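**Q** Need a 3D model of the following:
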Amino acid sequence: MAREARAARTPETLDWELVYKRNPVERLKRDKSPLGILGELPALIAAGYETVAEEDLVRLKWWGLYHDKPKVGTFMLRIKLPGGRVTPPQLRAIGEVSNRFGRGEGELSTRQNVQLHYLELAALPEVFGALEAAGLTTAGACGDAVRNITGCPLTGLAHDELFDATPVLEEAAEFFYGNPDYSDLPRKHKITISACAHRCNAPEINCIALVGVLRDGEPGFAVTAGGGLASVPRLARDLGVFVRPDEALPVLRALLDAWKEDLRYRVSRVKSRMKFMVDDYGAEGMRAELERRLGYALPDYALEPPGPLADHLGVQAQRDGRSAIGVPVHLGLVSGDQLIRVAELAEAHGGHVAITRQQNLVVTGVLGESVEGAVAALAALGFPLDGNSIRGASIACTGEPHCNFSVTETKTRLGSLIEGLETRFGDGVAGLRLHLDGCPHACAQHWVGDLGFQGTTVRDDEGKRRQAYDIFLRGGLGPDAAIARPVFRRVPSEELDEAVGGLVAGWIAQRKADEQFASFTHRLSDDDLGTLAGREPARAKEEAS
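**A** Below you'll find the predicted structure:
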């Protein structure tokens with residue numbers, strides 16, 4: 001069946017000529033390698049921003065640059081941090097770049113990057129020079145390349161880690177970042193590598209995940225592939241194999257080679273992610289292709305479901321007897337001064353800093369007698385531990401005012417939602433996960449939150465467009481991983497708090513012992529949820545029409 005499906009999707013004459021005819025980004029990459037665009041910066045700057053060709057602005061994405069909104073000459077820059085880990089000198093350098101060139105503003109991303117805004121074209125050579133001097137790179141942070149490789153923020157340190165996956169993660173980052181052979185992929189590619197006992201790095205939604213396991217006591221990895229969100233969400237599939245740490249990089253290369261060399265996944269940008277190849281091949285087909293390219297069969301291994309998710313917030317014991325302190329970063333927003341002060345704090349304790357998938361910060365290496373002082377110091381910097389944990393569990397995409405794709409407020413709208421829930425329910429909403437996106441790209445992963453929101457618009461009685469949100473329910477990661485579905489459509493922004501408040505109030509009043517919000521929404525029908533939200537569910541509207 002998989003072969004028949006692939007054949008049905010394959011044009012009769014599939015060659016590079018057809019790819020270039022159908023896909024303008026492939027033509028752009030053919031005409032000039034995006035990795036070489038940094039060498040042209042002096043000439044682009046001398047000519048002036050207004051004269052830069054749109055194709056060259058696209059090529060700048062390969063170095064982590066996107067236009068800020070509006071497109072008036074300033075950029076967002078995404079800095080890659082493998083596994084979210086950053087040394088104090090590196091974090092200090094990022095903070096100083098933010099202060100000097102980016103108006104002192106920054107944010108933490110769900111792929112464990114730091115993003116800076118308001119960078120002007122003329123400043124970019126100095127910006128890249130400062131980052132390179134600190135041992136940092138942005139190569140492939142955007143564009144058709146291997147994006148930042150994520151992992152557990154406590155890799156190599158967690159007391160309950162299955163084994164230390166740091167060498168494998170670092171080897172993969174060293175090989176793929178800026179590698180020309182893997183900077184001309186069909187589309188972006190997301191890899192995660194971890195041996196976290198809690199799978200905090202969300203392997204379910206990555207293109208390829210190396211999931212740390214123990215097979216008869218031997219450390220290694222299970223392999224999943226085909227995860228991804230955006231407008232066509234997929235949960236990754238287990239390939240059913242066991243991979244030793246020394247085989248990890250060859251396995252990653254073999255899977256990427258199979259995908260990047262198949263022209264079927266270059267003809268259309270819409271169908272170019274690896275998840276569509278996994279759809280076509282199936283898990284067994286992907287395994288067969290992997291083993292064909294490796295030249296040998298891999299041992300069987302069936303990946304067991306994970307336990308409850310962990311966010312690594314709070315004071316956590318390290319395996320070396322020291323402690324790590326994970327603090328929520330409300331809305332993922334940070335200033336250059338905050339980054340510098342956190343770097344100083346980590347340096348004083350002899351540790352480093354890590355960024356989590358939930359856009360939070362972890363300071364490591366704190367001695368037991370110093371924990372209380374370090375917690376107080378972080379609170380003084382604006383990162384208190386004693387707030388409602390909904391702040392550390394909820395995420396929003398970049399959105400307004402910076403992102404050109406977003407059609408709604410994101411950070412500010414999530415902030416007002418959280419504040420309203422805190423005021424109304426207090427600790428009753430602790431740990432509730434709100435994921436809010438301003439467009440279908442799903443950078444904030446609205447498909448897998450307890451409550452997911454995707455920005456859209458709705459016309460009022462006068463025909464004017466207003467900001468609105470689709471509400472997604474029944475999604476999640478971990479032991480009950482599932483893709484959510486939009487239960488309520490086009491809820492006007494001013495009506496969102498009431499709808500969300502009704503759903504949360506119903507959960508608190510009707511939940512069974514320890515019943516999580518996602519489980520509660522699975523137990524209720526759409527109509528029951530509509531009664532709580534005070535809105536007609538989308539299904540009922542579709543059936544009526």
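**Q** Could you use CA atoms for every contact and neighbour count after this?
**A** Noted.
**Q** Residue 286 belongs to a strand?
**A** No: assigned with DSSP: H, G, I helix; E, B strand; the rest coil, residue 286 falls outside any strand and is helix.
**Q** What are the neighbouring residues in contact with the residue nearest to residue 123 when sequence neighbours are not counted?
**A** With C-alpha to C-alpha, 6 or more residues apart in numbering as the criterion, residue 123 has its nearest non-adjacent residue at 7.0 Å, and that residue is residue 101. Contact analysis of residue 101 by C-alpha atoms under 8 Å, 6 or more residues apart in numbering lists 118-120, 123, 127.
**Q** In strands, which of these appear?
**A** 118-120 (DSSP state E).
**Q** still on that earlier bit, out of the contacts of residue 101, which are buried?
**A** Buried members of the contacts of residue 101, counted by 16 or more other C-alpha atoms under 10 Å: 118-120, 127.
**Q** Could you single out the nearest of those residues to residue 495?
**A** Residue 495 has its nearest neighbour among the buried ones among the contacts of residue 101 in residue 118, at 32.6 Å by C-alpha to C-alpha.
**Q** State the distance from that closest one to residue 201.
**A** Per C-alpha to C-alpha, to the nearest Å, residue 118 is found 29 Å from residue 201.
**Q** looking at this, residue 488 is in a strand?
**A** Yes: looking at residue 488 with three-state DSSP, it is inside a strand.
**Q** Make sure it is actually in contact with residue 533.
**A** No: look at residue 488 against residue 533 with C-alpha atoms under 8 Å: they stay out of range, at 9.1 Å.
**Q** And the contacts of stretch 126-139?
**A** Outside of stretch 126-139, the residues within contact range by C-alpha under 8 Å, 6+ apart are 35, 62-64, 77-81, 89-90, 93-94, 97, 101, 177-178.
**Q** Narrow the residues you listed to those in helices?
**A** Among the contacts of stretch 126-139, the ones falling in helices (DSSP state H) are 89-90, 93-94, 97, 101.
**Q** what ranges of this structure fall below the confidence cut-off?
**A** Low-confidence segments of the chain, defined by pLDDT under 70: 1-12, 539-545.
**Q** phi, psi of the residue of it positioned farthest from its centre?
**A** For the chain, the residue at maximal distance from the C-alpha centroid (C-alpha atoms, centre = their mean) is residue 462, at 38.2 Å. When read as degrees, to the nearest 10, the backbone of residue 462 gives phi -90, psi 0.
**Q** Strands of the stretch 251-400 of the chain, start to end?
**A** Secondary structure of the stretch 251-400 of the chain (DSSP state E, counting those that start in this stretch): strands located at 314-317, 323-327, 333-335, 353-355, 361-366, 395-396.
**Q** Packed most tightly, which of these would that be?
**A** strand 395-396 (a mean of 32; mean count of other C-alpha atoms under 10 Å).
**Q** what pairs with that strand, and is each one parallel or antiparallel?
**A** strand 434-437 (parallel) (DSSP bridges).
**Q** outside of the strand it pairs with, which residues touch it?
**A** Residues contacting strand 434-437 (C-alpha under 8 Å, 6+ apart): 390, 393-397, 399, 406, 410, 414, 443-446, 448-455.
**Q** Return the subset of the residues you listed lying in helices.
**A** Using DSSP H, the members of the contacts of strand 434-437 that fall within helices are 390, 393, 414.
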